[in-house]
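S.K.: Structure, please.
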Amino acid sequence: MITNENDLKISEMLNLSYKLWEKHSNTWSPMEPEYAKTFILYMIEEIGESIAIIKKKGEAEIMNNIEVREHFVEELGDVLMYFMDILNRFNISSEEFSRIYLEKFMKNMDRDYENQYKNLK
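M.R.: Predicted coordinates for the structure are as follows:
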């Protein structure tokens, strides 16, 4: 299942998300698109918890205090878990996501952010 536990692939993360859902499928919402917006809200909540650690502990603590750092990384992991739940609910494969992500990356590499935002009206 997991080829390298220290470097997860998107396909592995999607699989883990689905396995966790299968374990709780009798009490969790179905793996269907109409439930994805709820998981976006859960993901935003986890982003808020990540921000709270930055606000309460500060960047130096995240960088230098192992307990704070692990808590911060755990919250970021929760963000990704909900993100994977969203991808699964919309049946977005790792290949589809990767292709579109890389296309957007290449587009961003060619963007002139300074001029783009300077010219906003």
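S.K.: now residue 18: how far from residue 7?
M.R.: Separation of residue 18 from residue 7 (CB to CB, to the nearest Å) stands at 20 Å. Quick note: C-beta positions are derived from backbone N, CA and C, even for glycine.
S.K.: more crowded one of the two?
M.R.: Neighbour tally, residue 18 and residue 7, criterion other CB atoms under 10 Å: the higher count belongs to residue 18, 15 against 8.
S.K.: pretty sure the more buried one contacts residue 28?
M.R.: No. Contact criterion CB atoms under 8 Å: residue 18 and residue 28 do not qualify, at 11.4 Å.
S.K.: could you say what helices and strands the longest helix along the chain packs with?
M.R.: As assigned by DSSP state H, the longest helix anywhere in the chain is helix 36-64. Counting contacts by 3 or more CB pairs under 8 Å, 6 or more residues apart in numbering; DSSP states H and E, the secondary-structure elements packed against helix 36-64 are helix 66-89.
S.K.: Pull out the buried residues from the helix it packs on.
M.R.: Under the neighbour-count criterion of 16 or more other CB atoms under 10 Å, helix 66-89 has 68, 71-72, 75, 78-79, 81-89 buried.
S.K.: which one of these is nearest residue 61?
M.R.: Closest to residue 61 out of the buried residues of helix 66-89 is residue 68 (4.5 Å), distances taken as CB to CB.
S.K.: Read off the pLDDT value for the closest one.
M.R.: According to the model's per-residue confidence, residue 68 sits at a pLDDT of 98.
S.K.: Isn't it up against residue 53?
M.R.: Yes. Between residue 68 and residue 53 there is a contact at 6.9 Å, judged by CB under 8 Å.
S.K.: For these two, list the residues in contact with both.
M.R.: residue 62 (CB atoms under 8 Å, 6 or more residues apart in numbering).
S.K.: for the residue nearest to the spatial centre of the chain, what are its contacts?
M.R.: Averaging the C-alpha coordinates of the chain gives a centre point, and the residue nearest to it by CA atoms, centre = their mean is residue 80 (2.8 Å). Listed by CB under 8 Å, 6+ apart, the contact set of residue 80 reads residue 13.
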